[in-house]
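Peer 1: build me a structure from this.
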Amino acid sequence: MVSINIFTFTLVLLIGFNHAEPTLEDWPADCKGKSYCRIQPSYYPQERFEEILKGQSFNFAQGVILVNNTSGDGEDVAGCDNQRSFGKIYLILDENDKIRFVAQNEDVFSIEIGVEECQDPGPYQSTALDESKQQDYPVSCHETKIPFMFPVLTLDGTALESVAPKDGLSVSCSAKIIEKN
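Peer 2: Numbers count the residues shown, from 1 in each chain. Predicted coordinates:
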């Protein structure tokens, strides 16, 4: 009887403390190359967030749109192609390349955010500038990133903490003149 109780107690401890940490191989394929992911994977700890957020009250503005627009008409002079998206972010990569779960719970707390990324960051040949000007002033499509802090599950899965995605979150794509050395 004692051995059955010890086995049961050990099993309960193992189940209670079993917080499997996903690895980079678990990062969704559609999010490769990004430090955030809008896909909710099957291993997302929804029940854990329900437990942690139960009975909590948050005063947080949902639906955040971050904009960095340097021209009055909303278009870059050089015409960098960008991709804009808006919605929930479920995963981020932290500065140590650890997958972190962003707190999302429809009943208590959720956050939607807009991002803007360059389709092709780097040197850009603009049709808005003539060739001689581009030789004197080469243009590059550049992303502006900020260290936006997300509420995420701690690595041990017991609480929430604030963490920014590795390299920040892209809020705009704009044309910049490349400085010559």
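
Peer 1: buried residues, stretch 160-180. List them.
Peer 2: Buried residues in stretch 160-180, defined by neighbour count with 16 or more other C-beta atoms under 10 Å: 160, 163-166, 169-176. Every residue, glycine included, has its C-beta placed from N, CA and C.

Peer 1: residues contacting the closest residue in space to Ala159 that isn't next to it in sequence?
Peer 2: Spatially, and ignoring its direct neighbours in sequence, Ala159 is nearest to Ile52 (6.7 Å; C-beta to C-beta, 6 or more residues apart in numbering). Applying C-beta atoms under 8 Å, 6 or more residues apart in numbering to Ile52 gives the contacts Ala103, Leu153, Ala159, Leu160.

Peer 1: returning to that earlier point: mind listing which of the buried residues of stretch 160-180 are in strands?
Peer 2: Counting by DSSP state E, the buried residues of stretch 160-180 place Leu160, Val163, Leu169, Ser170, Val171, Ser172, Cys173, Ser174, Ala175, Lys176 in strands.

Peer 1: let me know the closest of these to Phe109.
Peer 2: Leu160 (9.5 Å; C-beta to C-beta).

Peer 1: does the closest one touch Pro151 like I think?
Peer 2: Yes - counting by C-beta atoms under 8 Å, Pro151 is a contact partner of Leu160 at 5.0 Å.

Peer 1: what about the strands in the chain?
Peer 2: 36-37, 64-65, 82-88, 91-93, 99-101, 112-118, 122-124, 139-146, 150-153, 160-163, 169-177.

Peer 1: got CSV for the ones you listed, with distance to Thr23 and mean pLDDT too?
Peer 2: CSV is the format used below for these (distance: least, C-beta to C-beta, whole Å; pLDDT from 0 to 100):
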stretch, distance to Thr23, mean pLDDT
strand 36-37, 14, 96
strand 64-65, 29, 46
strand 82-88, 23, 92
strand 91-93, 11, 96
strand 99-101, 7, 96
strand 112-118, 24, 92
strand 122-124, 30, 80
strand 139-146, 25, 89
strand 150-153, 16, 94
strand 160-163, 17, 93
strand 169-177, 22, 87
